[in-house]
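A.B. asks: build me a structure from this.
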Amino acid sequence: MALLSIPSLNIQYDSPKEIHTFLNSHGIFFDQWKCDIVFDDAATQEEILAAYSKDLVPFMKNSVYKTADVISINATTENYSTLRTKFLAEHTHSEDEIRFFVDGKGLFWFNLENVPVFNLLCEAGDLISVPAGTKHWFDAGEKNPFVKAIRVFMDVSAWVPDYTNSGIELKFSNFIMPSREN
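C.D. replies: Purely as a prediction, here's the structure:
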């Protein structure tokens, strides 16, 4: 279940309808897909992609998307601090950045024109499409990161960032990722 936060205004939305409306009004696609498959840590990319093929194949077929993979991050991910540094720097892409979260959580931050910086906590079942050229960054968490997401691409070269070097992400470095634990 997603959670949208606007830290400078002390506003949070947890209603999928409110989140959808807010994001769509800023050109960001958001949806929630059924996500009831539990994978063990040894699940392969092929197993995860196959499990969601009934949703993924039509989604890709009816668009310009050509390839998909799975990113899996956890506390044992090799060179995680280096990887996290890349994701944490504000950047854009020449194509849409699409993620379907199958497990865990991650925080997308957005820096749009004439809008206060906001973030979206994505969890299992959340699908987001960040439009090409959108300034953003991503955080899987400093301690005990855990996210498993299907990434969908137009270009087979996959994740290629264009860093803005604005440094704005540093203003939010003390933000604590919300916990939705029951």
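
A.B. asks: ok now the longest strand along the chain, how far from the chain's centre?
C.D. replies: Once the chain is assigned using DSSP state E, the strand that runs over the most residues is strand 97-110. The chain centroid and the centroid of strand 97-110 are separated by 2 Å under CA atoms, centre = their mean, to the nearest Å.

A.B. asks: hmm, who's touching the very next helix or strand once past it?
C.D. replies: Under the assignment DSSP states H and E, the closest C-terminal helix or strand after strand 97-110 is strand 118-123. Outside strand 118-123, the residues that touch it by CB atoms under 8 Å, 6 or more residues apart in numbering are 1-7, 19, 23, 30, 99, 101, 104-110, 128, 149, 172, 175, 177-178, 180. For glycine as for every other residue, the C-beta is placed from the backbone atoms N, C-alpha and C.

A.B. asks: show the buried residues in the residues you listed.
C.D. replies: 2-6, 19, 23, 30, 99, 101, 104-110, 128, 149, 172, 177 (16 or more other CB atoms under 10 Å).

A.B. asks: tell me which residues of the helix or strand of the chain with the lowest mean pLDDT come out buried.
C.D. replies: Ranked by mean pLDDT, DSSP states H and E, the weakest helix or strand in the chain is helix 53-61, scoring a mean of 91. By neighbour count on 16+ other CB under 10 Å, the buried set for helix 53-61 is 56, 59-60.

A.B. asks: please, where are all the helices along the chain?
C.D. replies: Assigned by DSSP state H, the chain shows helices spanning 16-25, 45-51, 53-61, 80-88.

A.B. asks: I11: which of the buried residues of helix 53-61 is nearest?
C.D. replies: Of all the buried residues of helix 53-61, I11 sits closest to F59, with 30.6 Å by CB to CB.

A.B. asks: ok, the closest one touching I150?
C.D. replies: No - with contacts counted by CB atoms under 8 Å, F59 stays clear of I150, the gap being 10.0 Å.

A.B. asks: any weak-confidence spans in this structure?
C.D. replies: Filtered on pLDDT under 70, the chain yields the residue ranges 158, 180-182.

A.B. asks: same thing but 80
C.D. replies: The model of the chain has pLDDT under 80 over residues 155-159, 179-182.
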